[in-house]
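Trainee: below: sequence and its predicted model.
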Amino acid sequence: MPVLVITGTGTEVGKTVVTAAIAAAAVSAGRSVAVLKPAQTGVAAGEPGDAAEVVRLAGDAVTAAELARYPEPLAPETAARRAGLPYVRPREVADAAGKLAAEHDLVLVEGAGGLLVRFDDSGSTLADAARLLDAPVLVVAAAGLGTLNATALTAEALRSRGLTCPGVIVGSWPAAPDLAARCNLADLPRAAGAPLLGVLPTGAGALSCADFRARASGWLAPELGGVWAGPVS
């Protein structure tokens, strides 16, 4: 799996922290890792974006790359249009990921928002870039009520485009999960049609680099380089 695309069922579901955990586990296993953020929105020039956050958590051994940055926290196509800046096109994403893959064991491509958020004026999305790369797409989902429908829709969109989903991962697991969240651990794989490949605790992104790297493999299933054996029944 030289390139793994990471999408979410929506925004603020923990994609960046999940990306960092996969990167940290891979680095600990001796693999070289790059993270690519095709479109960074809502961050001004000179401020650290999501790729930089992955490096902060997973360590300086990770190579960070960003193709475009737009100041307003909007969908990439909308943010680019309002700022009068060039769009990011799927071919640019695929080319950049391919170049990184030639020099690294693993390239993680982190999307913006959900799978079908528009990148450009022709309606291109992260899914189009994944198709060009022939790369699997990992789905990061929320823990609580409403996540099953969003996960099922994302998985259906992937299947309809001939894209492979290796699994789903919960990006932020609450310290005191309610009934819906607890039930969702069993129901998410059915909604996704793919296995549950990890659960990250709420607040993981606030850890120091050393603590994050020490704990990351415990949040991820072996398919993602970790040792997590699944939810406790």
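Mentor: Arrived safely. Computed from a predicted structure; not experimentally measured.

Trainee: quick one, helices of this protein?
Mentor: 15-28, 50-58, 76-83, 90-101, 126-133, 147-160, 179-192, 209-216 (DSSP state H).

Trainee: for those helices, which one ends up most surrounded?
Mentor: helix 15-28 (a mean of 27; mean count of other CB atoms under 10 Å). No exception for glycine: its C-beta is placed from N, CA and C like everyone else's.

Trainee: now it against helix 50-58, angle please.
Mentor: Calculated by axes from the mean of the first three to the mean of the last three CA atoms, to 10 degrees, helix 15-28 forms an angle of 50 degrees with helix 50-58.

Trainee: picking that back up, in a markdown table: the helices of the chain, plus distance to Glu110.
Mentor: As requested, those are exported to a markdown table (distance: least, CB to CB, whole Å):
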| stretch | distance to Glu110 |
| --- | --- |
| helix 15-28 | 5 |
| helix 50-58 | 6 |
| helix 76-83 | 12 |
| helix 90-101 | 11 |
| helix 126-133 | 9 |
| helix 147-160 | 15 |
| helix 179-192 | 19 |
| helix 209-216 | 16 |
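
Trainee: out of these, which comes closest to Gly167?
Mentor: Closest approach to Gly167 among those is made by helix 179-192 (7.2 Å; CB to CB).

Trainee: hmm, who's touching the closest one?
Mentor: Applying CB atoms under 8 Å, 6 or more residues apart in numbering, the contact partners of helix 179-192 are 139, 141, 143-145, 147-149, 151-152, 154-155, 165, 167-168, 170, 173-174, 195-196, 199, 231.

Trainee: ditto for stretch 140-152
Mentor: The contact list for stretch 140-152, computed with CB under 8 Å, 6+ apart, reads 6-10, 13-15, 18, 114, 139, 168-174, 177-178, 180-181, 184, 187-188, 191-192.

Trainee: okay, that stretch in PDB with CA atoms only?
Mentor: Taking Å, rounded to 0.1, in the frame of the first residue of the first chain, the C-alpha atoms of stretch 140-152 are listed here in PDB:
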ATOM      1  CA  VAL A 140     -12.600   8.300   9.200                       C
ATOM      2  CA  ALA A 141     -16.000   8.400  11.000                       C
ATOM      3  CA  ALA A 142     -17.400  10.100  14.100                       C
ATOM      4  CA  ALA A 143     -18.400   8.000  17.100                       C
ATOM      5  CA  GLY A 144     -21.900   9.100  17.900                       C
ATOM      6  CA  LEU A 145     -25.500   9.300  16.600                       C
ATOM      7  CA  GLY A 146     -25.800   9.900  12.900                       C
ATOM      8  CA  THR A 147     -22.400   8.400  11.900                       C
ATOM      9  CA  LEU A 148     -23.900   5.200  10.400                       C
ATOM     10  CA  ASN A 149     -25.800   7.000   7.700                       C
ATOM     11  CA  ALA A 150     -22.800   9.200   6.800                       C
ATOM     12  CA  THR A 151     -20.500   6.200   6.800                       C
ATOM     13  CA  ALA A 152     -22.800   4.200   4.600                       C
END
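
Trainee: quick thing: my sequence starts at 7, can you match it?
Mentor: From this message on, residue numbering opens at 7, which makes the last subject stretch 146-158.

Trainee: how far does that stretch sit from its chain's centre?
Mentor: Centroid displacement of stretch 146-158 relative to its chain, using CA atoms, centre = their mean, to the nearest Å, is 15 Å.

Trainee: equivalent analysis for stretch 25-45, please.
Mentor: That offset, for stretch 25-45, works out to 11 Å (CA atoms, centre = their mean).

Trainee: I'm done for today, thanks for sticking with me.
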